[in-house]
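Asker: sequence plus the predicted model coming up.
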Amino acid sequence: MKAHVIEAVNGQIREEFESSYIYLAMSARFTTMNLPGAAAWMRQQAQEELLHAMKFFDFLVRRGAEPRLSAIAQPVVTFERPIEAFEKALAHERHITACIHALYDLAQKERDYALQTLLHWFIDEQVEEEETATGIIDSLRLAGETGQGLFMIDRELGQRQAAPAEGEAE
Ligand code: MG
């Protein structure tokens with residue numbers, strides 16, 4: 001693999017770990033807000049982001065390149081209303097989508113076909129991530145951000161299933 005392509009993949013590894021960190025911080029905040037379902041949902045999301053990071057990590061290893069880990073920024077999550085968290089999550093996922101697309105452009109430019117194939121999975125995954133976050137924001141707007149509506153959404157969020165194990169999703 002070309003050095004600057006490896007560097008770009010390493011950058012994406014950091015992005016995915018950073019995503020995990022952000023969602024874990026949101027989970028902590030939701031616990032404090034007495035919303036156990038949303039806390040569980042965010043914790044699950046954090047777990048999924050670790051799997052994303054490891055997909056890129058393992059890809060480098062299999063290609064004979066060395067993953068290089070860098071510092072992860074401290075997550076700043078100071079939301080007061082649940083909907084703010086999911087709006088931030090959506091904005092963050094849009095940022096990740098842009099990163100994945102930029103990486104894909106690079107893979108095409110450098111004719112790294114294996115990286116392009118790996119990124120197809122991530123391109124699809126990002127469509128799902130944005131769709132999911134948008135759906136939750138819509139539910140919160142529709143069913144209400146307080147009282148019984150929020151109680152019901154929180155319970156629904158708590159029923160999120162764990163991500164399929166590595167390989168099963170593909
Ligand atoms: Mg991700």
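Answerer: Thanks, I have the structure now.

Asker: every contact and neighbour count from this point should use C-alpha atoms.
Answerer: Noted.

Asker: and the helix or strand bottoming out on mean pLDDT in the chain, what's buried?
Answerer: Ranking every helix and strand in the chain by mean pLDDT, DSSP states H and E puts helix 147-157 at the bottom, with a mean of 94. For helix 147-157, the neighbour count (16 or more other CA atoms under 10 Å) marks 150-151, 153-154, 157 as buried.

Asker: and those residues, which is closest to residue 70?
Answerer: Nearest to residue 70 among these: residue 157, at 32.1 Å, using CA to CA.

Asker: sec struct for residue 161, please.
Answerer: Secondary structure for residue 161, judged by DSSP: H, G, I helix; E, B strand; the rest coil, is coil.

Asker: how many other residues sit next to it?
Answerer: 9 (other CA atoms under 10 Å).

Asker: next one: phi and psi at it?
Answerer: phi -80, psi 150 (degrees, to the nearest 10).

Asker: show me what the least confident helix or strand of the chain is in contact with.
Answerer: Helix 147-157 has contacts (CA atoms under 8 Å, 6 or more residues apart in numbering) with 35-38, 40-41, 139-140, 143-144.

Asker: one more time with 7 Å, if that's ok
Answerer: Applying CA atoms under 7 Å, 6 or more residues apart in numbering, the contact partners of helix 147-157 are 35, 37-38, 41, 143-144.

Asker: next one: stretch 72-85
Answerer: If you take CA under 7 Å, 6+ apart as the criterion, stretch 72-85 is touched by 14, 18, 21-22, 25-26, 137, 140.

Asker: can you give the distance of it from its chain's centre?
Answerer: Centre-to-centre, stretch 72-85 and its host chain are 14 Å apart (CA atoms, centre = their mean, to the nearest Å).

Asker: now do that stretch, average pLDDT.
Answerer: Taken as a whole, stretch 72-85 has an average pLDDT of 93.

Asker: now it: buried residues?
Answerer: Judged by neighbour count (16+ other CA under 10 Å), stretch 72-85 contains these buried residues: 77, 82-83, 85.

Asker: can I get these in JSON lines including secondary structure and distance to residue 58?
Answerer: Conversion of the buried residues of stretch 72-85 to JSON lines gives the following (DSSP: H, G, I helix; E, B strand; the rest coil; distance: CA to CA, whole Å):
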{"residue": "77", "secondary structure": "coil", "distance to residue 58": "30"}
{"residue": "82", "secondary structure": "helix", "distance to residue 58": "35"}
{"residue": "83", "secondary structure": "helix", "distance to residue 58": "35"}
{"residue": "85", "secondary structure": "helix", "distance to residue 58": "31"}
